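S.K.: Sharing a model prediction with you, sequence too.
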Number of protein chains: 2
Amino acid sequence: MLQQATSLDLAFQALADPVRRTMVERLSRGPATVSELARPLAMSLSAIGQHLRVLETSGLVRSAKVGRLRTCWIDPAGLLVTGRWIIARQASVERDLERLGEHLAAPTDPWRDP
Amino acid sequence: MLQQATSLDLAFQALADPVRRTMVERLSRGPATVSELARPLAMSLSAIGQHLRVLETSGLVRSAKVGRLRTCWIDPAGLLVTGRWIIARQASVERDLERLGEHLAAPTDPWRDP
DNA sequence: AAAATGCTTTAGCAATAACTTGACTATCTC
DNA sequence: GAGATAGTCAAGTTATTGCTAAAGCATTTT
């Protein structure tokens, strides 16, 4: 990972950690403060803050501070980019399996014998 | 990541690296050998072998060696688990936004005033 | 105004990740 | 059987990750 990380790198990287996925699962049910996110996770508030920063720079989560509470919520666009990538790969795989099916069904190879 | 990594951890972790995503993109168009995977990636064959190992233990890719060639292909089940997780989150977010819409439309708060 | 709450910052540390190089082992090809 | 090809293994290096602990700083609450 020499070059600068793309948004896809950052998003998948962010989702690779179970703690961060737990945070995203919580936030997908509605906004929460940092302390609320920390509650079920046996870990310092500082650590949660660091995970939150990763989620924010990845574009999956947004937040704003009002008073002494920081409220966080999902940015749907973040989930969209990762979801789209996976769906595109699934589509490619399906097309490939389809070609394989045709190949097995045909008496002659359509590539070598057009 | 103290406890043993789940398949979701491994899959997202695997997809977090641009080199491995390039390999997956190639394989989603059809099987390939290790050298074919390495061709467009300016990196030693050894490094590709290590990336391949990550992809295999994550469940995204499978491979088998015949003669001196190792052929690799996508395991669709691998993409499925990550895809499902993301779609489930997107669905949660939508439900949440819907609730927010109702809340804004209603003259009274449906939670505090049932 | 004092104390509690809710973060934030910094520094440090152990573990992991992503390579490289070099040596090695099969398997084809000539 | 000599040489090229395809991949594997082990060791070493450097950078990044995921924490912790301790101190700091605004906002509320009492």
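M.R.: Nice, I can see it.

S.K.: What helices and strands are in contact with the helix or strand where residue A:101 lies?
M.R.: Element membership for residue A:101, per DSSP states H and E: helix A:76-105. Helix A:76-105 sits against helix A:7-15, helix B:18-28, helix B:76-105, with contacts defined as 3 or more Cβ pairs under 8 Å, 6 or more residues apart in numbering or on different chains; DSSP states H and E. All C-beta atoms are positioned from the backbone trio N, CA, C, and that covers glycine.

S.K.: What residues sit buried inside the second one?
M.R.: Right, helix B:18-28. B:18-21, B:23-24, B:26-28 (16 or more other Cβ atoms under 10 Å in any protein chain shown).

S.K.: What of the shortest one?
M.R.: Using 16+ other Cβ under 10 Å as the test for burial, helix A:7-15 gives A:8-15.

S.K.: Check the longest one too.
M.R.: Residues B:78-79, B:81-83, B:85-86, B:89-90, B:92-93, B:96 are the ones in helix B:76-105 that count as buried (16+ other Cβ under 10 Å).

S.K.: Also stretch A:48-63?
M.R.: A:48, A:51-52, A:54-56, A:58-63.

S.K.: if you look at it, does any of it touch DNA strand C?
M.R.: Yes - for stretch A:48-63 and DNA strand C, the contact criterion (Cβ under 7 Å from any atom of the strand) is met by A:49-50, A:52.

S.K.: Counting neighbours, what do you get for the residue of chain A at minimum distance from DNA strand D?
M.R.: The nearest approach of chain A to DNA strand D comes at residue A:67, 1.7 Å away (Cβ to the nearest atom of the strand). Counted with other Cβ atoms under 10 Å in any protein chain shown, the neighbours of residue A:67 add up to 5.

S.K.: Let's have the buried residues of helix B:18-28 in a markdown table, adding distance to residue B:101 and pLDDT.
M.R.: Shown next, in a markdown table, are those (distance: Cβ to Cβ, whole Å; pLDDT from 0 to 100):
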| residue | distance to residue B:101 | pLDDT |
| --- | --- | --- |
| B:18 | 38 | 97 |
| B:19 | 42 | 98 |
| B:20 | 39 | 98 |
| B:21 | 36 | 98 |
| B:23 | 42 | 98 |
| B:24 | 37 | 98 |
| B:26 | 43 | 98 |
| B:27 | 42 | 98 |
| B:28 | 37 | 97 |
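
S.K.: Could you check how far residue A:29 is from residue B:33?
M.R.: Residue A:29 sits 45 Å away from residue B:33, going by Cβ to Cβ, to the nearest Å.

S.K.: ugh, typo on my part, it should be residue A:64
M.R.: 51 Å.

S.K.: which of the two has more neighbours?
M.R.: Set side by side, residue A:64 and residue B:33 show more neighbours around residue B:33, with 16 against 10, by other Cβ under 10 Å.

S.K.: between the helix or strand where residue A:47 lies and helix A:76-105, how many degrees?
M.R.: Assessed by DSSP H and E, residue A:47 sits inside helix A:45-57. Going by axes from the mean of the first three to the mean of the last three Cα atoms, to 10 degrees, helix A:45-57 is angled at 60 degrees with respect to helix A:76-105.

S.K.: Fine, thanks again, bye for now.
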